[in-house]
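Peer 1: Return atomic coordinates for the entry below.
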Amino acid sequence: MTVIRFYLVTPLVVISILMGTACSSPTRSSTESVAVESGTPSEPLMDNAPLDEPEMPSDDSPTAEPSPAPAVSESSPLISESGIGTAQLGMTLAEFRETLTADQELTPVANVMVDFDAIALTQAGEIQYYILHLSGAPFTDADVIQGLKTENPAYQTQEGIGVGSAITQAEAMYGDATLAYNLENEGREYVRFANFPANNILFGTGSYGAQTAGIYPETSGSYHETQAFRDDAVLESILLVCLSADCSN
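Peer 2: Residues are numbered from 1 along each chain as shown. The predicted model follows:
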């Protein structure tokens, strides 16, 4: 079973892979798909029909019966320190399959991040979030979920913060924002908040070498940090990593 371990390695939470076989992973093109061990999909919990009120009979149609109310998907859009939606850190892919509804599918995606491929959860043709795994390695039903990422604004924290939220909005909720990027980590820019309760959730700006959300002083070195940022800066991705021993079994 492939094991990926995530650690806190800078004052800003960033991803690092500590794995003896990482350097020997085969190189892959951006279009090559990732092998996913197929499992037998579980029976859908409930369908995802729209929330329309049943049509009621008119007064002159006394024998008409109202249509039953459509079932509602039980997929949760919540982001917490333990997971995104029904995908929880520490569960196996097989266990996650059992939570899928009839309109949800798992699709392999290559090169979601540097060194990472993913399995995307799609619903109605739209990607909800990604299950991350090491590039070049298959992710089977027996493997444990250790990393999750979403770029879908439908998924939010309990306080209503998600992709598309202004950094100023998140700062008002979670305390002073500090932005940072490290050129040794592909220049990925992340934001941390002084009073945010979980240390395994990363808020990304999506800059990746483009215009940063933060306004940085002219300094040398690879690591850059600031508390000044553009007024229009928003969160563009949310990443969860497992820091528990349960995710390394």
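Peer 1: Quick check: Ala142 is in a helix.
Peer 2: No - read with DSSP: H, G, I helix; E, B strand; the rest coil, Ala142 is coil and lies in no helix.
Peer 1: That one: how many residues sit nearby?
Peer 2: 12 (other CB atoms under 10 Å). Just so you know, the C-beta spots here come from the backbone N, C-alpha and C atoms, and that holds for glycine as well.
Peer 1: Check whether it really touches Leu93, as I assumed.
Peer 2: Yes - counting by CB atoms under 8 Å, Ala142 touches Leu93, with 7.5 Å between them.
Peer 1: quick check: mean pLDDT across the helix ranked longest in the chain?
Peer 2: Looking across the chain with DSSP state H, the single longest helix is helix 167-174. For helix 167-174, the mean pLDDT works out to 97.
Peer 1: now stretch 232-249
Peer 2: For stretch 232-249, mean pLDDT rounds to 87.
Peer 1: again, but for stretch 114-129
Peer 2: The average pLDDT for stretch 114-129 rounds to 95.
Peer 1: Name the residues that touch that stretch?
Peer 2: For stretch 114-129, the surrounding residues in contact (CB atoms under 8 Å, 6 or more residues apart in numbering) are 17, 22, 34, 36, 48, 75, 84-85, 87, 93, 100-101, 103-112, 130-137, 139, 147-152, 154-155, 186.
Peer 1: Buried residues, that stretch. List them.
Peer 2: Asp115, Phe116, Asp117, Ala118, Ile119, Ala120, Leu121, Gln123, Gln128, Tyr129 (16 or more other CB atoms under 10 Å).
Peer 1: name the element the closest residue to Asn152 other than its chain neighbours belongs to?
Peer 2: Take Asn152 and drop its neighbours on the chain: the residue closest to it by CB to CB, 6 or more residues apart in numbering is Gln128, 5.5 Å away. Assigned by DSSP states H and E, Gln128 belongs to strand 126-134.
Peer 1: that older thread, which of the contacts of stretch 114-129 fall in helices?
Peer 2: Short answer: those in helices (DSSP H) are Leu93.
Peer 1: the strands in this protein, which residues?
Peer 2: Assigned by DSSP state E, the strands in the chain fall at 79-80, 83-84, 87-88, 104-113, 116-123, 126-134, 147-150, 177-182, 189-193, 201-204, 223-226, 237-241.
Peer 1: possible to save those strands as a markdown table with distance to Glu171?
Peer 2: Formatted as a markdown table, the strands of the chain follow (distance: least, CB to CB, whole Å):
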| stretch | distance to Glu171 |
| --- | --- |
| strand 79-80 | 17 |
| strand 83-84 | 22 |
| strand 87-88 | 27 |
| strand 104-113 | 25 |
| strand 116-123 | 28 |
| strand 126-134 | 24 |
| strand 147-150 | 20 |
| strand 177-182 | 4 |
| strand 189-193 | 6 |
| strand 201-204 | 11 |
| strand 223-226 | 13 |
| strand 237-241 | 16 |
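Peer 1: out of those, which comes closest to Gly214?
Peer 2: Nearest of those to Gly214, taken as CB to CB: strand 177-182 at 3.4 Å.
Peer 1: for stretch 107-116, which positions count as buried?
Peer 2: Going by 16+ other CB under 10 Å, stretch 107-116 has these buried residues: Pro108, Val109, Ala110, Asn111, Val112, Met113, Asp115, Phe116.
Peer 1: Specify the beta-bridge partners of the residue nearest to the fifth one when sequence neighbours are not counted.
Peer 2: Read that as Val112. Spatial nearest neighbour of Val112, excluding adjacent residues (CB to CB, 6+ apart): Ala118 at 4.1 Å. The partner list for Ala118 in beta bridges (DSSP bridges) reads Val109, Leu132.
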